[in-house]
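S.K.: With the input below, show me the fold.
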Amino acid sequence: MVIGTARSEKHLHVSADRLCRWLRTEYKLRPDADGLLGRNELKLRLKRKAKKAKLTGMPHEDDADDGVRTGWVCVNVGTVESAEGAQSEVTQLDTGFVGFGRQSEGTKIVVQMLVEEKRAELDLERLWSGIARRQTSGLVAEVDADGFVEASEGSVDNTQPQDLSPVVKVHDAYATPFPTTSSFSPVAIQPKDSN
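M.R.: Coordinates of the predicted model:
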């Protein structure tokens, strides 16, 4: 997963559109971009919204969730096969699967592109670092009678990700290395005794 920051809503859609076009032309991939508005579509929708607000006499609210300005585009590149002759150092786990889509051979690439406000609101780095930390520390999640999850020490496979380096700055985006889906062991969920 790659997490990128855009300067504005327009920059977000232009960057996501260019990324998808570049992946199609250079690598013949078929990326799927959720939340992406096409060329001039954002401008057209904002003009329609302003015209509607002018006709009704009501000022448009910037905080209203109108579906036009989301501040987030998720580009699912898909599965990229490993290079020929590359040795696989990762062993398959039979514990389950956590991620986007189906489990398959290769590496699944997902690019999360957000504006600064949305990135601060969602805080995806904290979410995914918590998952990676639980994976490496051997915590087992237990579900109590109310459906709440509690973490405790337990017997989870001691599979360490290959790279636990911190967040690295790449141009104007931040990329955090995460374990691949084939090396990821999800937290085992066990029901807690009600005694």
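
S.K.: What segments of this structure are helices?
M.R.: Here the chain has its helices, by DSSP state H, at 9-27, 41-56, 116-122, 124-137.

S.K.: Mean pLDDT and distance to Gly106 for these - can I get that in a markdown table?
M.R.: Every residue, glycine included, has its C-beta placed from N, CA and C. A markdown table is the format used below for these (pLDDT from 0 to 100; distance: least, Cβ to Cβ, whole Å):
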| stretch | mean pLDDT | distance to Gly106 |
| --- | --- | --- |
| helix 9-27 | 94 | 13 |
| helix 41-56 | 86 | 32 |
| helix 116-122 | 92 | 27 |
| helix 124-137 | 80 | 20 |
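
S.K.: among those helices, which is nearest Gly71?
M.R.: Nearest to Gly71, of all the helices of the chain, is helix 116-122, at 3.5 Å by Cβ to Cβ.

S.K.: quick one: buried residues of the closest one?
M.R.: Buried residues in helix 116-122, defined by neighbour count with 16 or more other Cβ atoms under 10 Å: Lys118, Arg119.

S.K.: swap in stretch 44-64?
M.R.: Leu46.

S.K.: List every C-alpha atom in it, with coordinates, as CSV.
M.R.: Output of stretch 44-64 as CSV, limited to C-alpha atoms (Å, rounded to 0.1, in the frame of the first residue of the first chain):
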residue,chain,number,x,y,z
LEU,A,44,-18.7,20.6,-14.3
ARG,A,45,-20.2,19.2,-11.1
LEU,A,46,-19.0,22.3,-9.1
LYS,A,47,-20.5,24.6,-11.7
ARG,A,48,-23.9,22.7,-11.5
LYS,A,49,-23.8,22.9,-7.7
ALA,A,50,-23.1,26.6,-7.7
LYS,A,51,-25.9,27.3,-10.2
LYS,A,52,-28.4,25.2,-8.2
ALA,A,53,-27.4,27.1,-5.0
LYS,A,54,-27.9,30.4,-6.9
LEU,A,55,-31.3,29.4,-8.2
THR,A,56,-32.6,28.2,-4.9
GLY,A,57,-31.2,31.3,-3.1
MET,A,58,-29.4,29.1,-0.5
PRO,A,59,-25.7,29.5,-0.1
HIS,A,60,-23.9,26.3,-0.6
GLU,A,61,-22.3,24.7,2.5
ASP,A,62,-18.7,23.6,2.2
ASP,A,63,-19.1,21.1,5.1
ALA,A,64,-22.0,19.3,3.5
